[in-house]
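*Asks:* only the shape, not the letters, is given here:
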């Protein structure tokens, strides 16, 4: 009778644990990163080889339905999406900077005002209109430069924040590793830590591409920027990640672990998108600076070759300021040098040189080309992002199908384990009733 009682009791304990695990699955069905768990039941062998009778059942551990391959696919796909979407942010900022001031239109207005003045070089109204157009060009150049510089400053802020976040996630993963080294294998506590580990790895992959290896306890070692990249986490040691921009404007990420610094060169995640954005912003800034310099020098050169209404040599119409902005220098309409030297106030010979400058330097065409090139890159990124988003969604769906909670299946398990629990309780009751019957025999 003692065997029957112990068998029934073991069934009650085992199926109670199974019910608890199933209930935990149901409760966490919508919890992000939760992996379905199963109570692993094993038979307890009997002491009699001849009879072959068992001694009940025991819970040998809590198993996670994790799929490391599908989880790695989710991380890789998420890293690709984050890189592309982050790069799109800065391409969009460049598009706004290049198009927001209508620079090509303002330059067109300026040159058109010069053409209008050529029809009546001594008239005050077209001269005033040309100065107004010159002020518009200066403001457009300056506004474009400031918009790009603002985007660069915002990028630096975002880069520093993401680098710091990567360091924080690395530190959190190192603590998880430390906990995994102490927790009992196959316990619910281990399952919880492994869920947390996988969530942190997925977050890290959104910042940089990660290469992970796991030891027998489930502790993760993580490298960023490829299999030979910077070691971010190893055991309970974690790297801090920093961001820097050198004097030439190039950006870099550095990981520091145990006093050793390593260059982190991300090829995925938001950090890679930021690095791409920094390069494109630098190119846009350099292109606008070159365009502004050539425009200012070209117009001033033409202005310096002519004479104003007072018969004096022309003074500079524009000035390049520190920081790359442009300032309109003339306030008197009479100061525009429309005439060639010695030709009189009604001559427009010098304005023809301005028209020649417009034709040869192609300032407007180059500005439109800059906008078009950036727009094409942005459109291509959007197409890639849509495709990568679909790949990521498919990877998540495949992982969740293998590792997530299916409420229908859990409901079936709940009823099955409930019946087993009730049957085990009935075994105990039968054992007691049988024992009572034996005790009543005279």
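*Replies:* Done, it's in. No experiment lies behind these values; they were computed from the predicted model shown. Residues are numbered from 1 along each chain as shown.

*Asks:* how about residue 101, phi and psi?
*Replies:* Comment: the main-chain dihedrals of residue 101 come out as phi -100, psi 0, following degrees, to the nearest 10.

*Asks:* who's in contact with it?
*Replies:* With contact set as CB atoms under 8 Å, 6 or more residues apart in numbering, residue 101 has these partners: 139, 140, 141, 143, 144, 147. All C-beta atoms are positioned from the backbone trio N, CA, C, and that covers glycine.

*Asks:* weed out the non-buried ones from the residues you listed.
*Replies:* Applying 16 or more other CB atoms under 10 Å to the contacts of residue 101, the neighbour count classes 139, 140, 141, 143, 144, 147 as buried.

*Asks:* going along the chain, name the strands of this structure.
*Replies:* For the chain, applying DSSP state E gives strands covering 37-43, 57-64, 210-214, 220-224, 230-234, 237-238, 240-245, 251-257, 260-264, 318-320, 326-328.

*Asks:* elements contacting the last one?
*Replies:* The elements that strand 326-328 packs onto, with contact taken as 3 or more CB pairs under 8 Å, 6 or more residues apart in numbering; DSSP states H and E, are helix 124-180, helix 269-305, strand 318-320.

*Asks:* report pLDDT for residue 439.
*Replies:* As predicted, residue 439 sits at a pLDDT of 75.

*Asks:* number of nearby residues for it?
*Replies:* 7 (other CB atoms under 10 Å).

*Asks:* what residues of stretch 55-66 count as buried?
*Replies:* Residues 56, 57, 59, 61, 62, 64, 66 are the ones in stretch 55-66 that count as buried (16+ other CB under 10 Å).

*Asks:* pull up the gap between the nearest residue to the third one once chain neighbours are set aside and residue 35, please.
*Replies:* In space, not counting the residues next to it along the chain, residue 59 is nearest to residue 17; the distance is 4.6 Å by CB to CB, 6 or more residues apart in numbering. Taken as CB to CB, to the nearest Å, the spacing of residue 17 relative to residue 35 amounts to 18 Å.

*Asks:* before we move on, what about residue 435?
*Replies:* Distance of residue 435 to residue 35, computed by CB to CB: 44 Å.

*Asks:* of these two, which one has the most company?
*Replies:* It is residue 35, of residue 435 and residue 35, that has more neighbours when counted by other CB under 10 Å, with 24 against 14.

*Asks:* was I right to think that one contacts residue 194?
*Replies:* Yes: Residue 35 is in contact with residue 194 according to CB atoms under 8 Å; the separation is 7.3 Å.

*Asks:* which neighbours do these two share?
*Replies:* Taking CB under 8 Å, 6+ apart as the contact criterion, the common neighbours of residue 35 and residue 194 are 64, 66.

*Asks:* could you find the closest non-adjacent residue to the most centrally placed residue in the chain?
*Replies:* Within the chain, one residue has its C-alpha closest to the average C-alpha position: by CA atoms, centre = their mean, that is residue 270, at 2.8 Å. Setting aside the residues directly before and after it, residue 270 is nearest to residue 86 in space (CB to CB, 6+ apart), at 4.3 Å.

*Asks:* and for residue 181?
*Replies:* For residue 181, the spatially nearest residue (CB to CB, 6+ apart) is residue 217, at 5.8 Å.

*Asks:* check contacts around that neighbour.
*Replies:* Neighbouring residues of residue 217 by CB under 8 Å, 6+ apart: 180, 181, 185.

*Asks:* tell me the phi and psi of it?
*Replies:* Backbone torsions for residue 217, taken as degrees, to the nearest 10, come to phi -90, psi 0.

*Asks:* surely residue 402 touches residue 67?
*Replies:* Yes: with contact defined as CB under 8 Å, residue 402 reaches residue 67; the gap is 4.4 Å.

*Asks:* now residue 56: how far from residue 66?
*Replies:* Using CB to CB, one gets 29 Å for the distance from residue 56 to residue 66.
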